[in-house]
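Engineer: Fold the following, please.
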Amino acid sequence: MACRPESLVARSAAGFTLLELVMVIILLGILSAVAIPRITDTSAFSQMAFHDGLVATLRHAQKTAVSHRRLVCVTLGGRGASARIAPARTQGCTVALPGPDGKPEIVASDTGVSVSPTGTLYFQPNGDITTDAGGKTHWNTPLQATGMPPIEIVGATGYVW
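Structural biologist: Numbering: from 1, shown residues only. Here you go, the predicted model:
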């Protein structure tokens, strides 16, 4: 048996150099310092979910008012909204409006998003959105959630987007 020279054995068993390993570790450190905070920060997603949930609640309230021919009230607080429906045509909004899942229609922010202006929107049985239960003054003020695009409301038509 012939022995192989040591130079051939050393070349075939060669691995990564120390410099290559250090560079990979440095690159992984930089990547983790930049990428991990962006991946774990879900506040932007929570804010958009709140915005979309508020729009959905307003649309649901308007459609329910028309389909049930009853007054539906949406109370806007600083960090959320709740919807109620009148139990009869001549009564005020006293019953929690059930959402599609059967639970009361409530939207709340857990990320510090606030809504302005606050107050109550009255969804009339004819589809109008007003500032009073009697239906005399249409609501035409956009709702603004912190850091989100405004929610436009056309009181005369009941359109929300």
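
Engineer: just checking, residue 160 touches residue 150?
Structural biologist: No. Counting by C-beta atoms under 8 Å, residue 150 is not a contact partner of residue 160; they are 11.3 Å apart. No exception for glycine: its C-beta is placed from N, CA and C like everyone else's.

Engineer: neighbour-wise, which of these two wins?
Structural biologist: Remark: of residue 160 and residue 150, residue 160 carries more neighbours, 21 against 12, as counted by other C-beta atoms under 10 Å.

Engineer: Could you check how far the closest residue to the more buried one other than its chain neighbours is from residue 32?
Structural biologist: Nearest residue to residue 160, sequence neighbours excluded (C-beta to C-beta, 6 or more residues apart in numbering): residue 58, at 4.5 Å. Taking C-beta to C-beta, to the nearest Å as the measure, residue 58 and residue 32 are separated by 42 Å.

Engineer: One more: residue 148?
Structural biologist: Relative to residue 32, residue 148 is positioned 30 Å away (criterion: C-beta to C-beta).

Engineer: Could you check which of these two is surrounded by more residues?
Structural biologist: Comparing residue 148 with residue 32 by other C-beta under 10 Å, the one with more neighbours is residue 148, at 17 against 11.

Engineer: Am I right that the more buried one is in contact with residue 49?
Structural biologist: No. Shown here, residue 148 and residue 49 do not form a contact pair, counting by C-beta under 8 Å, at 10.6 Å.

Engineer: what about residue 19, neighbour count?
Structural biologist: With neighbours defined by other C-beta under 10 Å, the count for residue 19 comes to 8.

Engineer: ditto for the one 5 residues further on
Structural biologist: Residue 24 is surrounded by 11 other residues when neighbours are defined as other C-beta under 10 Å.

Engineer: Could you check which helix or strand contains it?
Structural biologist: Counting by DSSP states H and E, the element that carries residue 24 is helix 18-40.

Engineer: and the direction of whichever helix or strand comes after that helix versus that of helix 18-40, what angle?
Structural biologist: Counting by DSSP H and E, the element after helix 18-40 in chain order, helix or strand, is helix 43-68. Orientation check (axes from the mean of the first three to the mean of the last three C-alpha atoms, to 10 degrees): helix 43-68 against helix 18-40 gives 30 degrees.

Engineer: Centroid-nearest residue for this protein?
Structural biologist: The central residue of the chain, meaning the one whose C-alpha is nearest the mean C-alpha position (C-alpha atoms, centre = their mean), is residue 49 at 1.3 Å.

Engineer: Relative to residue 161, how far out is that residue?
Structural biologist: Spatial separation of residue 49 from residue 161 under the definition C-beta to C-beta is 17 Å.
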